[in-house]
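Undergrad: Sequence and predicted structure, then a few things I'm wondering about:
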Amino acid sequence: MEEACKLVTADFIDLMGRARAMSATDAHLLASLAGQLRISQVVDPWMTVRLEMRKSTVPFSMT
């Protein structure tokens, strides 16, 4: 489960860098302060984790 949490956080940091030209440091800070990790499923061998955040927290609209 720890690895799934690390992967979703890394994906979020990458997304913010590409979509919002946000530095990795700023994206990591945003994820740490405003993101909520939620466990979606734990079915051996799969574990799914998502990072949730209010739309109003993300700088500018993602659409």
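TA: The structure has been received and is ready for your questions. Numbering: from 1, shown residues only.

Undergrad: what's the burial count for P59?
TA: Neighbour count of P59, defined by other Cβ atoms under 10 Å: 12. Using the backbone N, CA and C atoms, a C-beta is placed for each residue, glycine as well.

Undergrad: Against A34, how distant is it?
TA: P59 is 11 Å from A34, where distance means Cβ to Cβ, to the nearest Å.

Undergrad: D11 too?
TA: 16 Å.

Undergrad: pLDDT weak spots in this protein?
TA: Across the chain, residues meeting the criterion (pLDDT under 70) sit at 60-63.

Undergrad: now the helices: where do they sit in it?
TA: Under the criterion DSSP state H, the chain contains helices at 2-20, 24-34.

Undergrad: Next, report how far the longest one is displaced from the centre of its chain.
TA: Distance of helix 2-20 from the chain centroid (Cα atoms, centre = their mean, to the nearest Å) equals 5 Å.

Undergrad: And for that helix, what's in contact with it?
TA: 22-24, 26-28, 30-31, 35, 37, 47-51, 58-60, 62 (Cβ atoms under 8 Å, 6 or more residues apart in numbering).

Undergrad: one more time with 6 Å
TA: Applying Cβ atoms under 6 Å, 6 or more residues apart in numbering, the external contacts of helix 2-20 come out as 22, 24, 27-28, 31, 37, 47, 49, 51, 59.

Undergrad: in it, what counts as buried?
TA: Within helix 2-20, the residues scored as buried using 16 or more other Cβ atoms under 10 Å are 4, 8-9, 12-13, 16.

Undergrad: how much space between the spatially most central residue of the chain and E3?
TA: A centroid search over the chain (Cα atoms, centre = their mean) returns F12, at 3.7 Å, as the residue closest to the centre. Counting by Cβ to Cβ, the gap from F12 to E3 is 15 Å.

Undergrad: Please report how far R50 lies from S56.
TA: Per Cβ to Cβ, R50 is found 18 Å from S56.

Undergrad: So for the two, which sits in the more crowded spot?
TA: Counted by other Cβ under 10 Å, R50 and S56 do not tie: R50 has more neighbours, with 14 against 6.
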